[in-house]
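Asks: quick check, what structure comes out for this input:
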Amino acid sequence: MNIFREIGKGLKKVGKIAGSGAPLIATLAGGPEAGKLVSMLTRGTNTNSLEDAIQTIENHPTPEILLAEIEAENKVKLQELNANLEVTKNAQNMYKETSRNNDPMIRRAPVYQAMFINISWMISFTAVLYLAFSGAQISEDLRALIFTGFGALSTEFARSNHFFFGSSTGSKDKSESLTIFAK
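Replies: Numbers count the residues shown, from 1 in each chain. As a prediction, the model looks like this:
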């Protein structure tokens, strides 16, 4: 997936330029929330693509100041993204510590929880498909409750799988290559 690699390269350039002038942008350039950061950069530079935004930033007489202005305009959103990144890192560190525990049940608990979420999602998905295509006669309130529960379970299913397997290989490669300058 070359697009992830290109986004990673572009954000790496932005992170290097941001340096100490826009520390939140520099930190988040290596995180999994790249899409939101790219959106902020393109809006802040009034461009349509990351390539154009990078070109605009590089050609600006004071690119550090431009990035600092973009950071100031998006400070709350960037702080939320940074907090999400910290929560994910903390959860992964906690999982590493748990996996070193002497008690096998404690070591396996996160995996069991993920398996439970995945199995529950599969059962719920089957139920939703049945309700959607069978024409079963159930009340609209119950149908809404089932679909809402499936939506909530789908969120946990995605979080669980992203935690254990990453959101994508390209994103993982990008994160690994970009964390070097974000430290």
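
Asks: contacting residues for K77?
Replies: Each residue near K77 by C-beta atoms under 8 Å, 6 or more residues apart in numbering is listed here: K36, M40. Any C-beta I mention is one placed from the backbone N, CA and C, and that applies to glycine too.

Asks: do the same with G10
Replies: Going by C-beta under 8 Å, 6+ apart, G10 touches V38, L50, E51, I54.

Asks: ok, M40 to K12 distance?
Replies: 16 Å (C-beta to C-beta, to the nearest Å).

Asks: what count of nearby residues applies to L67?
Replies: 25 (other C-beta atoms under 10 Å).

Asks: which element is it on?
Replies: Assigned by DSSP states H and E, L67 belongs to helix 63-73.

Asks: quick check: mean pLDDT across stretch 14-31?
Replies: Averaging pLDDT along stretch 14-31 yields 61.

Asks: and for stretch 50-68?
Replies: Stretch 50-68 comes out with an average pLDDT of 81.

Asks: any idea how far it is from the chain center?
Replies: Centre-to-centre, stretch 50-68 and its host chain are 24 Å apart (C-alpha atoms, centre = their mean, to the nearest Å).

Asks: give the buried residues for that stretch.
Replies: Across stretch 50-68, burial judged by 16 or more other C-beta atoms under 10 Å covers L50, A53, I54, T56, I57, P63, L66, L67, A68.

Asks: so the fourth one sits right up against T45, yeah?
Replies: Spelled out, it's T56. Yes: with contact defined as C-beta atoms under 8 Å, T56 counts as touching T45 (4.3 Å).

Asks: circling back: just put the buried residues of stretch 50-68 in a markdown table and tack on distance to V111.
Replies: Converted to a markdown table, the buried residues of stretch 50-68 look like this (distance: C-beta to C-beta, whole Å):
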| residue | distance to V111 |
| --- | --- |
| L50 | 37 |
| A53 | 41 |
| I54 | 41 |
| T56 | 46 |
| I57 | 43 |
| P63 | 45 |
| L66 | 46 |
| L67 | 41 |
| A68 | 43 |
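
Asks: quick check: of these, which lies closest to P110?
Replies: The closest of the buried residues of stretch 50-68 to P110 turns out to be L50 (C-beta to C-beta; 34.9 Å).

Asks: how's the protein carved up into domains?
Replies: Segmentation of the chain into domains, based on automatic domain parsing, reads 2-92+169-182, 102-165.

Asks: worst average pLDDT in those domains?
Replies: Lowest mean pLDDT within these: domain 2-92+169-182, a mean of 69.

Asks: for H60, give me phi and psi.
Replies: Dihedral angles of H60 (phi, psi; degrees, to the nearest 10) stand at phi -70, psi 140.

Asks: distance-wise, check it relative to F150.
Replies: In this view, H60 and F150 are 47 Å apart by C-beta to C-beta.
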